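> Provided below for reference: sequence and predicted model.
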Amino acid sequence: MQPYQEPQFAPPPRQRSPYAVPVIALSVTLVALVAAIVIVVLVKSARERTAKDSCVVGGWLVARYEERVAIEGVGPVLFTGTGARLELRADGTGRTDYGAGTVFTGNASGKRITLMISGAVTFHYRAADHILAFSDVRSTATSEAAVGDEKLGRTALAGNADPANYTCAGGKLTEQTATYRAELTRES
């Protein structure tokens, strides 16, 4: 005789919640929606970095540059120079190239002060409503200062991300802030 065994009953099949299919469909829709939002934000972000004013796009030569620089113990000194090159690309990237040495000069207390800047500064920009806005500024440029014939040494030149007012027409671009004014002519 066999030992007594309790009858085994299989548990009733689990019933799927009536909400399962709509919740799964909603989840798929939400994932697709989030992906679409991310794509829109990335595209919009890329567009915002680019120039809206196509007049500024191109190669430019600095025809005249003036900047007031505060020098400790002396006060503000006006420096002027020419020759740096500026490239503003349609994708919203740019580069200021000082080459092997662009010279800026000023006078203080009867002495000539010379700044020779070499290297380049790269950046992203946006040109709209007569304002050039800069971001992601990176510099490999250096500055060598001299008072008269006495060289004071070479230092790294930090890039500047301050926005500038601008006008652009007829092959001329002018940038201006509270401290500098640059007049540029189109090269390309």
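Structure's in. What do you need? Numbers count the residues shown, from 1 in each chain.

> hey, where'd the helices end up in this structure?
Assigned by DSSP state H, the helices in the chain fall at 20-49.

> Look through it and tell me its longest strand.
strand 111-128 (DSSP state E).

> on contacts alone, who are the packing partners of that one?
Judged by 3 or more Cβ pairs under 8 Å, 6 or more residues apart in numbering; DSSP states H and E, the packing partners of strand 111-128 are helix 20-49, strand 75-81, strand 93-108, strand 131-139, strand 142-147. Using the backbone N, CA and C atoms, a C-beta is placed for each residue, glycine as well.

> Any stretches of the chain with poor pLDDT?
For the chain, the stretches with pLDDT under 70 are 1-51.

> Quick one: residues contacting Asp165.
For residue 165 the amino acid is Asn, not Asp. Neighbour list for Asn165: 130-132, 175-177 [criterion: Cβ atoms under 8 Å, 6 or more residues apart in numbering].

> Filter those down to the buried ones.
Buried members of the contacts of Asn165, counted by 16 or more other Cβ atoms under 10 Å: 132, 175.

> Which pair of the contacts of Asn165 spans the longest distance?
His130 and Thr177 (12.8 Å; Cβ to Cβ).

> Next up, the contacts around Phe123.
93-96, 134-138, 159, 161.

> Take these and write them to TSV, including distance to Glu183 and neighbour count.
Formatted as TSV, those follow (distance: Cβ to Cβ, whole Å; neighbours: other Cβ atoms under 10 Å):
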residue	distance to Glu183	neighbour count
Thr93	23	16
Gly94	17	22
Arg95	19	15
Thr96	15	24
Phe134	19	17
Ser135	24	12
Asp136	26	13
Val137	22	17
Arg138	25	13
Gly159	20	16
Ala161	21	13
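
> In CSV: those residues, plus distance to Ala145.
Below are the contacts of Phe123 laid out as CSV (distance: Cβ to Cβ, whole Å):
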residue, distance to Ala145
Thr93, 30
Gly94, 26
Arg95, 24
Thr96, 19
Phe134, 24
Ser135, 28
Asp136, 27
Val137, 21
Arg138, 22
Gly159, 18
Ala161, 23
